[in-house]
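*Asks:* Task: produce atomic coordinates for the following.
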Amino acid sequence: MSDTLSLNKLEKLIELETQLRDEYQQQIDKKDAAIAELTQDKAAMESKMAELEKTISTQLATIKDMSGKSNDTQALEQRNRELHNRSENMKEEVAVAKSRLKALQKDLAEERTELAELKKFDPQRLRKNLDASKKKLAEKTTAADKLQKSLSQARSENSQLELKIKELEAQLEKSTDQQVDQAPEKQEAA
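*Replies:* Numbers count the residues shown, from 1 in each chain. As a prediction, this is how the structure comes out:
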């Protein structure tokens, strides 16, 4: 009976694992897609940042050239401030994107850990163990049936032998009584 309960528990455990996988697989796929998208965004932002830094350095070089050639230093300083502000804004955007990427990587790590936990319940291994347990149970049941039959047969033979022993004891008692009865008759005859 405990083997049947264990088998039922194993089957329910396999069903639960299948349900959990079905339930969380879409979430994991979505998170993986979001991470891939953020990784692409990060690469795009880095290339954009590199281009912007190149543009900034080119513009700074141009400004330096122009400042040496131009008498209008105020306009040059204004452009320099604008470029500096733009680069600062872009650095802030990159920092925000990096923090978002880190958060998503943390979420991905958590999802992977959860997936690893779910993979511990390998349905194929559990099914194989379940089949092996069922086979052992069937063998034990067959052996128990054979033992029960041999026990019944032995009890039947035992009761038959006990009846024969009682019959033989009764015959022995009769013959002993007859011998005892015949012994006084022989003494009287003698």
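
*Asks:* Averaged pLDDT, the helix or strand encompassing E117. What do you get?
*Replies:* Assessed by DSSP states H and E, E117 sits inside helix 73-119. When pLDDT is averaged over helix 73-119, the result is 89.

*Asks:* same for that helix, what does it pack against?
*Replies:* Counting by 3 or more Cβ pairs under 8 Å, 6 or more residues apart in numbering; DSSP states H and E, the packing neighbours recorded for helix 73-119 are helix 2-69. Placement of C-beta: from N, CA and C, glycine included.

*Asks:* Now find how far off-centre the helix it packs on is within its chain.
*Replies:* Computed by Cα atoms, centre = their mean, to the nearest Å, the separation of helix 2-69 from the middle of its chain amounts to 25 Å.

*Asks:* Kindly report the same for stretch 164-174.
*Replies:* For stretch 164-174, the gap between its own C-alpha mean and the chain's C-alpha mean amounts to 71 Å (Cα atoms, centre = their mean).

*Asks:* Spit out the contact partners of the spatially most central residue of the chain.
*Replies:* Nearest to the mean C-alpha position of the chain, by Cα atoms, centre = their mean, lies F121 at 2.1 Å. The contact partners of F121, by Cβ atoms under 8 Å, 6 or more residues apart in numbering, come to L13, I14, E17.

*Asks:* Would you mind checking those residues for buried ones?
*Replies:* Using 16 or more other Cβ atoms under 10 Å as the burial test, these include I14, E17 as buried.

*Asks:* and which of the contacts of F121 is nearest to R86?
*Replies:* When those are ranked by distance to R86 (Cβ to Cβ), E17 comes first, at 53.5 Å.

*Asks:* Isn't that closest one up against K120?
*Replies:* No: using Cβ atoms under 8 Å, E17 is not in contact with K120; the gap is 9.1 Å.

*Asks:* one step back: phi and psi next, for the residue nearest to the centre of the chain.
*Replies:* The phi/psi pair for F121 (degrees, to the nearest 10) reads phi -90, psi 80.

*Asks:* Distance of it relative to K134?
*Replies:* When distance is defined by Cβ to Cβ, to the nearest Å, F121 is 19 Å away from K134.

*Asks:* Ok, Q59 next?
*Replies:* In this structure, Q59 lies at 77 Å from K134, with Cβ to Cβ as the measure.

*Asks:* so how far is stretch 102-111 from its chain's centroid?
*Replies:* For stretch 102-111, the separation from the chain centroid amounts to 21 Å (computed by Cα atoms, centre = their mean).
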